[in-house]
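J.: here you go, sequence then predicted model.
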Amino acid sequence: MGIPVNDKPSTDTQSENVSEKKPKDQFQTVKLGIWEAVLPVKTGWDLGYMTIPSTTELVDHLSVYLLLFRLCRDIFVLAPRQFLIFTLFEFMQSFEGSINLYLNSQILNAISSHLGGETVVVSVIMRSLASRILLSFMLSWLRKFCERDNQVLKDRVKFHFVEKSMHTALMLDPTTAEDPDVKSKMGSSYFQYDNEMWTSFEAIVRVATALLKSFSQLALAFALIRRHASAPLFFAIFVVQLLIGIFGYDQLWGKTHVVFCVNKTYESLAALHGFAFSGGYRVDRLSDGVAEFIEREFKKGRAEFGDSSTLDAYHEWYNRSSFVVGFVYAVINDFPMIYFALRILFRPKGITFASLAILQGASSSIQWTMYTLAHESKSLARQLTSVKNVYARCEIQNKMKDGVLPYPRPYDESSKETTGMELEFRNVSFKYPSTTKSVLEDVSFKIKPGQMVVIVGANGSGKSSTIKLFNRLYDPTEGEILVDGLPLAAYKVKDVRRAMAILRQNHGSYPLSLRLNVALGAPEREMPSDEEILEALKAGGADAFIEKLPKKSETVLNPVKLSTINFAGETVEEMNTMMKEREKVTDVSGGESQRLAAARVFMRLNSGGIRFLAADEPTSALDPEGELALFSRLRQERGGKTVVFITHRFGHLTKYADLILVMKDGRLVESGSHNELIEKDGEYKRLHDVQAQAFLPTEDS
Ligand SMILES: Nc1ncnc2c1ncn2[C@@H]1O[C@H](COP(=O)(O)OP(=O)(O)OP(=O)(O)O)[C@@H](O)[C@H]1O
């Protein structure tokens, strides 16, 4: 079986969702028309439909198989009654095939006797027929009866693991989240469809019931045809048929693989097609007048591509198999019929219509069960990786170690509303986990409680990175940060973050209602009142634009997409409109989004317990009026809190700053007040003069 493959090591083929990393030489590549499929080299025996794992693989997988027991136990604990109902029903169903096979044989034997002129025992036929109907009735009734319990069980499993995964996702610090292993365990999650653990559990039950089904059908078939002279030969045919069916299966679908397009012309045709159809580029396409160019390039590419095949990789794989395979497949299905036809011709004795039908029925139903078993065990193997990933995901621990000290220190409690935080950087150097280059080099400064500090510097000089270290989004690579005289790392991270309000650059709006966007400023509160929300919106300067929106503060800027639409042969435009209306994205401008973020920060400031406020270019998208208003309100409401602003605009802030820190290429190059720094005639003065230049009278004016 099998397609010839070359042994060329693949290019980068590690999949994002697989946690074990395979060395590159454990992959093989297969050229399939304009595609290249990369498949892991099997260490077990690859027999088409089934893979028999090697001993090492079995040992490796043992720990994962144990996880399946853990999964069953966890699901049982979530809903014991529903668990038992579900599994019992599934197991009961597995006997349906055998019982039907038995009842069919009874009926067929009776019909055969009748055709042979013998007296028919009516009660046998009636009993068999009644039993069949009763069995179907009972199973349909039970299915309906279990429906609700099954749905409860399924949803409990879904929500249990969703909650656990959400907990991990929410507590992950950036350093841990950027770890490739963690990334692969986290994978991606689609709320509506993800229920990996349930799918895995179903796969376990299906494999178990398929096994039971196979054994019961085999035992029954053996008992039924034992009496027929042709039974051994018939069974031999059946086994050959089964083996060819299972092991002869060689389709790309059934294998772990990744497919790349290796035809550059086809790729560029696809890119041009995408460019032509994408609504996002419409304005650019028209204003740049590129339509003709695109059409010309497409025609050129089409000519170059010629009559090469655009078949997908799966069909290409299928087309590589020889016609003999198709022929053998067609013929093996007719083996029993051919055999019986020949028997009738040469040795008609002992052959009855009933025996033919029983043998044929037994053979096809067992064959079907075996295929299901092979298929389910393959999908179970796939599910193992999911189960392993979900459990691993639930157990991810943050790399950053939490401190033990509460913040503020108990003796500070009484003065927490008025006292600002003291912050000190001592020889701090820092590089992001994913990079090798330091973005902060030996930075030292001290911010006294209640001071207003402004950090200035060119793009990429390390200003935002400094803010990220304040609330322990990252830890310094070298040096130390002190808060109120003690190492920042000694405090409980949650406490320190609760005492800080940080207005980040690109602080966007969350995909929730605008009201919740603001309420999230005070996450410890159940739900702030309408008046408090309005107050925060006003302080952030966001009340006016929200008032103009049709749903006001209940507007969700980016509604979650849960609708589905299906047109059965007709397009009902109104339905399209209905769906678009429901999922419409409400666009707000950059400045409006910044005002909303500012409102959230005011909500936080008003919630109490804040000792430190940092704002990273909070007015970069605001008009001059908005900027002035925001800074005045921040100054008014800051009380005794320590405040750090990052800005590129000299003026409103630098004028009032107690301390200005000037950053350049990750270093702190100057510090002092505005006047001191102007006098120094260094980097600050240079940056200041660039802006001031614009307002100086020129020779032309
Ligand atoms: N998550 C990250 N991973 C890796 N490098 C990063 C990351 N964030 C920022 N950097 C790099 O760190 C350096 C400093 O960036 P930072 O954002 O601190 O500068 P900045 O002074 O705030 O710049 P700007 O004025 O443009 O906001 C830059 O070279 C940037 O590319």
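T.: Thanks, I have it.
J.: and the helices in the stretch 551-700 of the chain?
T.: In the stretch 551-700 of the chain, the helices defined using DSSP state H, counting those that start in this stretch lie at 573-582, 590-606, 624-637, 652-656, 674-680, 683-693.
J.: now do the first one: distance to the chain's middle.
T.: Pointing back at helix 573-582 there. 27 Å (Cα atoms, centre = their mean, to the nearest Å).
J.: with stretch 662-674 instead?
T.: Computed by Cα atoms, centre = their mean, the chain-centroid distance of stretch 662-674 equals 42 Å.
J.: just the endpoints, please. Distance across it?
T.: The first residue of stretch 662-674 is 11 Å away from its last residue (Cα to Cα, to the nearest Å).
J.: contacting residues around that stretch?
T.: Residues from elsewhere that reach stretch 662-674 (Cβ atoms under 8 Å, 6 or more residues apart in numbering): 438-445, 455-458, 461-463, 466, 654-655, 657-661, 677, 680, 682-684, 687. Placement of C-beta: from N, CA and C, glycine included.
J.: kindly report the same for stretch 204-218.
T.: With Cβ under 8 Å, 6+ apart, stretch 204-218 has contacts from 68, 71-72, 86-87, 90-91, 93-95, 97-98, 101, 362, 365-366, 369-370, 372-373, 376-377, 380, 383.
J.: from what I can see Ile366 touches Ala219, true?
T.: No: here Ile366 does not reach Ala219: they are 10.5 Å apart, not a contact under Cβ atoms under 8 Å.
J.: give me the subset of the contacts of stretch 662-674 touching the ligand.
T.: The subset of the contacts of stretch 662-674 within reach of the ligand, by Cβ under 6 Å from any ligand atom, is Val439, Gly457, Ser461, Gly462, Lys463.
J.: tell me the contacts of the last one?
T.: The reference is to Lys463. Lys463 touches Ile455, Val456, Gly457, Asp616, Ile646, Met663, counting by Cβ under 8 Å, 6+ apart.
J.: now the helices of the stretch 551-700 of the chain in CSV, with mean pLDDT?
T.: Formatted as CSV, those follow (pLDDT from 0 to 100):
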stretch, mean pLDDT
helix 573-582, 82
helix 590-606, 88
helix 624-637, 80
helix 652-656, 78
helix 674-680, 89
helix 683-693, 83
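J.: looking at those, which is buried most?
T.: helix 590-606 (a mean of 23; mean count of other Cβ atoms under 10 Å).
J.: so which elements touch that one?
T.: strand 500-503, helix 514-519, helix 530-540, helix 543-547, strand 612-616, helix 624-637 (3 or more Cβ pairs under 8 Å, 6 or more residues apart in numbering; DSSP states H and E).
J.: what's the closest of those to the ligand?
T.: With Cβ to the nearest ligand atom as the measure, strand 612-616 is the member of those nearest the ligand (7.1 Å).
J.: how far out from the middle of the chain is that closest one?
T.: Centre-to-centre, strand 612-616 and its host chain are 33 Å apart (Cα atoms, centre = their mean).
J.: list the contacts for the residue nearest to Ala169 when sequence neighbours are not counted?
T.: Once flanking residues are discounted, Ala169 sits nearest to Met186: 6.7 Å by Cβ to Cβ, 6 or more residues apart in numbering. Shown in contact with Met186 (Cβ under 8 Å, 6+ apart): Ser165, Thr168, Ala169, Leu172, Ala177, Arg393, Ile396.
J.: can you count the residues close to the residue nearest to Leu68 when sequence neighbours are not counted?
T.: Once flanking residues are discounted, Leu68 sits nearest to Ile204: 5.6 Å by Cβ to Cβ, 6+ apart. Look at Ile204: counted by other Cβ atoms under 10 Å, it has 21 neighbours.
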